[in-house]
Structures are given as C-alpha cells and as structure tokens.
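Asker: Provide a 3D model corresponding to the input given below.
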Amino acid sequence: MKNDSTRNTIIFIACSALILLVYWVAVLRPQADQRRAAQVAEASQQASPAAADAANTALRPDSAIFVSDRTQALGTAARVPIETPTLKGSLSLQGGRIDDLFLIRYRETIDADSDPVELFRPQGMEHAYFAQFGWTGPNVAGGVPGPNTVWSLTQGSVLTPNSPVTLTWDNGQGLRFTRVVAIDAQYLFTVTDTVANLGTQAITIAPYGSVQRQGVPTDLGKQMILHEGAIGTFKTGKGGYVTELLKYKDWAKKPRETFESTGGWLGITDKYWLAAMVPPQGERIQAEFRVHGGEALNIHEANLLGATRTIQPGQTSVETQRLFAGAKRNEILKSYEESLKLPRFIYAIDWGHLFFLTRPIFMVVEFFFGLFGNFGLAILALTVVVKLIMFPLANKAYESLSKMRTLQPKMEEIKKRNPDDPQKQQQETMALYQKEKINPLAGCIPIIIQIPVFYALYKVLFVTIEMRHAPFFGWIHDLSARDPSSIWTLFGLIPWDPATLPMLGGLLGGPLHLGVLPIFYGLTMWLQQSMNPPAPDPVQRQIFAFMPLVFTFIMAPFAAGLLIYWAWNNILSVLQQYVIMHRFKAPNPIDGFIAKVRARLQKA
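Answerer: Numbering: from 1, shown residues only. Presented below is the predicted three-dimensional model:
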C-alpha cells in the first residue's frame, strides 16, 4: 500500500509538471513570440459606410507600402491641432478625419519617460486607425464631401474645449457644407454638419459616420476572457436595448453584420480604450460591422447611416454626431451615459457575465481607494469586507473542521478495528460524524462561495483602467501585472534576466518564474491547509501536501493584486480558524509551534 501511495504521488507530481511545461510550450511561448514578432505589412484604406454608395465615400489604398515616419504621414494634408487636458493630436482637413490622437494621461509602460498611449493613427501608416463623418448622396450634382475632400478652415486655429473649429466646403453646384467640430475636457467630440441648398433643385442626402481600423495590432484580440473588437448597443423592436459584440476572430467569420436601431452607439473597443460613434438618440439609423479587403488589407469598420432627408432649395439641414475617443474610465462613461441618455454605455467596459458581482466589487475597491489613496490597500479592505459577509458561514465550517480535528484519535481507532474493510471504515466514520453533528463537507463551502468573488476581482484587475499601472508598495508598481521579482535573481540581488539563459530561459522566464508574492501565497495556502484535518487516505494526504506547491506555480502569472487578495484572505482565514480551534481545544499547528518554541526556550 505504501509503495502504491508513493508511486501515485510521483505520478501526480510528474503530470503536474508536464501540464505546466506543455501549457508554456503550446500556449504562453507562442503568444510571447507573436507579440515580439513584427507583423507583415497590412494594407489599408476606407470602404463604404453601411448601405451607402461606395463611389463617393470610399478611401482606396494606393499601395501596400507604409511609412514609419509619423511626421511624413501627417504631412500629406493640412491639419488642425487638438489640445485638451486629456488628448493631443490633430484633425486632417483632408476628409475632415480625426486620425491623430494620443491619450496624454496614460503611458505605454510604467516608466516615467514612456510615450503617451496612441489611440488614432493617420492614413499611410501601418495599422491606421481613425474616425470620419460625412454625407452620402450618389445623385447629387457636384457631389458631397468625401474622404478625399479638402475642407477649408474658416474659424479657429486649435481645437480645444474652449475653442471649436469651423470647416467649410462648397461643391460648386449650389451646396455649401459647414462643419463645426467641438471637444470637451474629456474624450467627447461633437461634430455638427450643416448643409445649405443654395441651388434650384431639391437634393436627397443622408449622414454617415465611420470608425475604421486597418489590420489588427499583434497585442490585440488575444485574450480569452476579454472582449476586443466591434461593440454596439442598439434598440430592439420590443423597445429594449441589446449590446452586440464581435471579437476580431469572430468578426472575420462574419464579414458583414447589419442592425437597425433608434439611437444607440457603436464602435471599436480595445482592453482599455474605445472609439465609438454616438448618433442623435431619437434618429433611426442603420448600423454595420464590416471586415473586407482580404488578408492583405484586413480592414475593420464600424459604420452608421443616418436618416435620409430631402433639402428643398433655400433650406438647410443640420446633423449632430458625436465621437467618444478615449479611456474607458468608469465614472467618465457613466457621466456620458447619464448626460447623453446613452443606453448601456457603461458596459463598454467588459464586466463579463458576472457583472452583478464585478461592478459592485469595483465600486467597493474604488470607494476604499478614495479613503486610502492606494488600490493595494483598497484590495486588502475589500478582502476584509468579503470575510465579514461570509463570517457566519465560515464560522460554522471552521467549527465542523475543529470538531473533526478533535475526533482524529477516534477515527484512527476505526481504521485499526477495520484495517481491511474500507467500506466498514466509511460507515463507522459517517456514523461518528452524524453522532457529533459534523458536516465533513462544510470546509469546502467558504472556498466554493469565494470562487465567483475571486473571478470577479480577477476581471476587475484585468479590464478596468483604474487598475492599470496602479502601484502598491515596494517593488509592486503595477497591481494589474504579475509580480516582477524572481527567485532566480534572488529577488533582484543578482542583475541578470533568467529568460536569456540558453535552453532553460523559456522556463525560468515563463512557468517557473516565481516572485515574492506567489511564494508568500503558497506559504499561506500551506498554513491554512495544515489547519484542516488530514485526509483519511494516505494518497490523498500526500496529494494535498503538494497542492500549495502546485498552486504556487499556477498562480505565479496572475496579477499581483489578485495574489495580494488571496494571500491576505488566507491569513484572515487562518486567524479565524485558529480562534475557533483554540476555543474547541482542537490541536493545530500554530499552538504546536508555540509549544515547541516554549519548550526550547525553557531548555535553554
């Protein structure tokens, strides 16, 4: 029996190590290689909006050759600078495109000298990304302004929250187009288009808007639990609203998805950033998510077409559309949702299927952040709140575990009486539990209940921009990233990168990368497990003994904030369990350790 137990334990350890190795080789390493590799150049340009004639709205690629110099790409057309407390960039007078935008409050990395995050990129560069608005009218004499139309700047010189700019264009056939572009102090552009019919014939036109991303950057669309791609909220025929999502990989399989709605919004979302068009909420629109151009072009578009209107001679028509282009901060999205009456705009953040847990947990963390000024401390406070909510249930569970611990000698006697009859052992053990009113499964209940909370916090750390680059103390500069310290550098004492080691670098920098937090978490898990009664079966006992080690490696790649939560939760559980076990006079490792220390001190 002992040989079988040893053999099974060895098999379990070998299988666990093999699973970690296969996961690294098959999943993590290819993803890392893809992120490091330069993508093959993908061509770009604009295609027609939803239900519109492509002849006068398409921006067609001249070639598949891109420029890497942003200044060169920006120099192809006159521009209007954009300067706000949150944004910096420029607006192209060619097409009136908003195609050059940086989020100045966010940086690419945690380094102080890191570049600001780029949101929009101009035409001519690889992975161009921009928004544009206009009109469609295939039978209008003289045409309507399209993506290649050069507008004239007639008022203003710099687009700021206090100074909108005015653009004009005349088609030479009696139509005058005036566009006023305004921006607020956050991330909302307001584009007001006025069409004046100065001719002698009535004309029929419709407004459109388009957000276009040419190709998919290598660091996007790779996360299983995160939505990146097309997003839109539309009004259904029953009067309610539905949010439509298309990840990039699914978008490619459905190259054209169309929707009809009154109001709503649509666009393209990344993990932390969003570009979304907002039509007038009382207007009937046609919306479209589209992918076209094949592998060479790989153009992704979110398009909308507004209601058609006929403009009689001497009359004008005005259309106001908005563009959100910025960071998906909870309070900012909520403010726009309320002020503009936008349906479900807060769900541009991917709260997940457990949104009823994820959002409240985020709100609690944000509340404590307001008190402590540190998201790490806020997570510790959240853990205390969760423990207080579950305190009565956990108390009952730990009472059962304490009673089981005190019954350990009697359970050993049952084994000795029935050494060759496992069924008899189980029957007498269950009878003993029933007599002492013990639920052997009670210890699992707190863990099972906490799994949704654990996942919800993981989601909060992963998707909310408030957690991005949020520091804790010491070496933890980003709670949303893994612990950067490594046991292989003696936690920073040896100045070298284990990932550069030949042959073993991939393992030491990947599945075998262990920092201070994962090791501390493993120790707290071991301590909590040692407080529980040992499993009756020797094989199970050995397996459980290795679980803290296995989970140390499993949890190592997770966000530092998550490890802080779980380790602190383990510590609070141990303290709660110790108090109960002490009350029931149940043997426990803490009292045992204290007794050994006292004995040695007395001998000394």
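
Asker: contacts, neighbours, all on C-alpha from now
Answerer: Will do.

Asker: separation between the closest residue to M531 other than its chain neighbours and G522?
Answerer: In this structure, M531 finds its nearest non-sequential neighbour in N588, 5.8 Å apart by Cα to Cα, 6 or more residues apart in numbering. For N588, the distance to G522 equals 19 Å [Cα to Cα, to the nearest Å].

Asker: more crowded one of the two?
Answerer: Each of N588 and G522 has its neighbours counted (other Cα atoms under 10 Å); G522 has more, 23 against 19.

Asker: and that one, which of the three is it?
Answerer: helix (DSSP: H, G, I helix; E, B strand; the rest coil).

Asker: Let me know whether it touches F551 as I believe.
Answerer: Yes: between G522 and F551 there is a contact under Cα atoms under 8 Å: 6.9 Å.

Asker: Now the common contact residues for these two.
Answerer: Counting by Cα atoms under 8 Å, 6 or more residues apart in numbering, G522 and F551 have no shared contacts at all.

Asker: Sketch out the strands for the stretch 51-200 of the chain, chain order is fine.
Answerer: Per DSSP state E, counting those that start in this stretch, the stretch 51-200 of the chain carries strands over the ranges 79-83, 87-92, 98-107, 116-120, 129-136, 152-155, 165-170, 175-183, 188-197.

Asker: repeat for the stretch 201-350 of the chain
Answerer: Using DSSP E, counting those that start in this stretch, strands in the stretch 201-350 of the chain cover 203-214, 229-235, 241-247, 256-262, 265-269, 273-278, 284-292, 299-305, 309-311, 316-327.

Asker: could you point out the longest helix in this protein?
Answerer: When the chain is scanned for its longest helix (criterion: DSSP state H), the result is helix 560-583.

Asker: Return the helix or strand in this structure with minimum mean pLDDT.
Answerer: Lowest on mean pLDDT, DSSP states H and E among the helices and strands of the chain sits helix 29-36, with a mean of 49.

Asker: what residue ranges in the protein score low on pLDDT?
Answerer: For the chain, the stretches with pLDDT under 70 are 1-64, 221-223, 296, 439-443, 445-447, 503-510, 535-537, 604.

Asker: Let me see the contact set for the residue nearest the centre of it.
Answerer: Of all residues in the chain, the one closest to the mean position by Cα atoms, centre = their mean is V463, 2.6 Å from it. By Cα under 8 Å, 6+ apart, V463 lies in contact with L226, K271, Y272, I349, D350, W351.

Asker: how about stretch 114-123 as CSV, C-alpha atoms only?
Answerer: What follows is stretch 114-123, C-alpha atoms only, in CSV (Å, rounded to 0.1, in the frame of the first residue of the first chain):
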residue,chain,number,x,y,z
SER,A,114,7.4,56.3,-21.6
ASP,A,115,5.5,57.7,-24.6
PRO,A,116,1.8,58.5,-24.2
VAL,A,117,-0.7,55.9,-25.4
GLU,A,118,-1.6,56.3,-29.1
LEU,A,119,-5.3,55.9,-29.9
PHE,A,120,-5.6,57.1,-33.5
ARG,A,121,-3.0,56.7,-36.3
PRO,A,122,-3.1,58.6,-39.6
GLN,A,123,-3.6,57.1,-43.1
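
Asker: For that stretch, buried residues please.
Answerer: P116, V117, E118, L119, F120, R121, P122, Q123 (16 or more other Cα atoms under 10 Å).

Asker: Quickly note the distance from the fifth one to P422.
Answerer: In other words, F120. From F120 to P422 the distance is 68 Å (Cα to Cα).

Asker: what domains does the record give for this protein?
Answerer: What automatic domain parsing lists as the domains of the chain is 38-339, 359-481+514-603.

Asker: closest one to D497 among those?
Answerer: With Cα to Cα as the criterion, D497 lies closest to domain 359-481+514-603 of the domains of the chain, at 13.0 Å.
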